[in-house]
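Engineer: Need the 3D shape of this:
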Amino acid sequence: MGSRIARNGPSSYWECLVIKGIVRSSWGAYHRVMAKNTIGPAPFPPVVTIDTDAPLTVADLKTAFDQRDGGVSICVRYASGHEKRGGYFFHIRPLANGQELYSLFDFEKRHLVDVEFDALLRFINHSTGRVFDQATFDLCATELNFLTDD
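Structural biologist: Okay, here's the model as predicted:
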C-alpha cells in the first residue's frame with residue numbers, strides 16, 4: 001500500500017513538521033528538536049541564574065550585582081523545568097562614574113543602552129513576560145529593535 005506521506009502527502013500537521021525537519025519522529029512519537037547554544041560564552045561569567053515565576057524585585061537584582069564585580073550576566077528562568085533549560089539573558093554593567101546608570105550588552109559585549117536601576121528592573125520584568133511596561137516597549141520599538149550586528 002505504501003507510505004501515506006509519499007503517496008497522498010502528509011496526513012497531519014505533525015507529519016509536515018517531520019518532513020521539514022522541525023520535529024523528528026521516534027518510536028511513533030514526535031519530539032521537538034531543540035536549538036543548540038551557538039552564541040558563545042557570557043560577557044560577565046559565570047552566569048547568575050534566577051529561577052522564579054514572580055516578577056524580579058529590587059532585592060533580586062541587587063543580590064545578582066553583589067555576586068559579581070564589574071558586571072553580571074543574568075539568566076532569568078521560570079521556576080520549574082529541566083535543569084539545563086534556557087532562559088532570558090541580560091548582560092549588565094554599572095557605569096563607573098558613580099551614577100545609578102547601568103549599561104546593557106549583547107553576547108558579543110557590544111553596548112546596547114544605558115538605563116537607570118528602576119528602568120533596568122522594569123526592562124527585565126517586561127522582557128521576560130512577567131510585567132508589561134510601556135516605556136520598555138517603546139525603547140525596544142524605537143531603539144533596540146533597530147540595532148544591527150555590524
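Engineer: so where does the spatially closest residue to residue 106 that is not a sequence neighbour fall, helix or strand?
Structural biologist: Spatial nearest neighbour of residue 106, excluding adjacent residues (C-beta to C-beta, 6 or more residues apart in numbering): residue 112 at 6.1 Å. Just so you know, the C-beta spots here come from the backbone N, C-alpha and C atoms, and that holds for glycine as well. According to DSSP states H and E, residue 112 maps onto strand 111-116.
Engineer: Please export the C-alpha coordinates of that strand as PDB.
Structural biologist: Provided in PDB are the C-alpha atoms of strand 111-116 (Å, rounded to 0.1, in the frame of the first residue of the first chain):
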ATOM      1  CA  HIS A 111      26.900  48.200  24.300                       C
ATOM      2  CA  LEU A 112      23.200  48.500  23.700                       C
ATOM      3  CA  VAL A 113      21.800  51.200  26.000                       C
ATOM      4  CA  ASP A 114      22.200  52.800  29.400                       C
ATOM      5  CA  VAL A 115      19.300  52.800  31.800                       C
ATOM      6  CA  GLU A 116      18.600  53.800  35.400                       C
END
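Engineer: Which residues does the next helix or strand after that strand contact?
Structural biologist: Under the assignment DSSP H and E, the closest C-terminal helix or strand after strand 111-116 is helix 117-127. Residues outside helix 117-127 that contact it (C-beta atoms under 8 Å, 6 or more residues apart in numbering) are 55-58, 61, 74, 76, 88, 90, 92, 100, 102, 104, 115, 131-133, 135-137, 139.
Engineer: Inside strands: which ones of those residues?
Structural biologist: Using DSSP state E, the members of the contacts of helix 117-127 that fall within strands are 74, 76, 88, 90, 92, 102, 104, 115.
Engineer: residues touching the last one, list them.
Structural biologist: In this case it means residue 115. Taking C-beta under 8 Å, 6+ apart, we find residue 115 in contact with 101, 102, 104, 123.
Engineer: Buried residues, stretch 62-70. List them.
Structural biologist: In terms of neighbour count (16 or more other C-beta atoms under 10 Å), stretch 62-70 has its buried residues at 64, 65, 68.
Engineer: Pass me the low-pLDDT residue ranges in this protein, would you?
Structural biologist: Filtered on pLDDT under 70, the chain yields the residue ranges 1-39, 97-98, 148-150.
Engineer: Can you name the residues bridging to the residue positioned nearest the centre of the chain?
Structural biologist: In the chain, the centroid-proximal residue (C-alpha atoms, centre = their mean) is residue 88; its distance is 2.6 Å. Judged by DSSP bridges, the bridge partners of residue 88 are residue 76.
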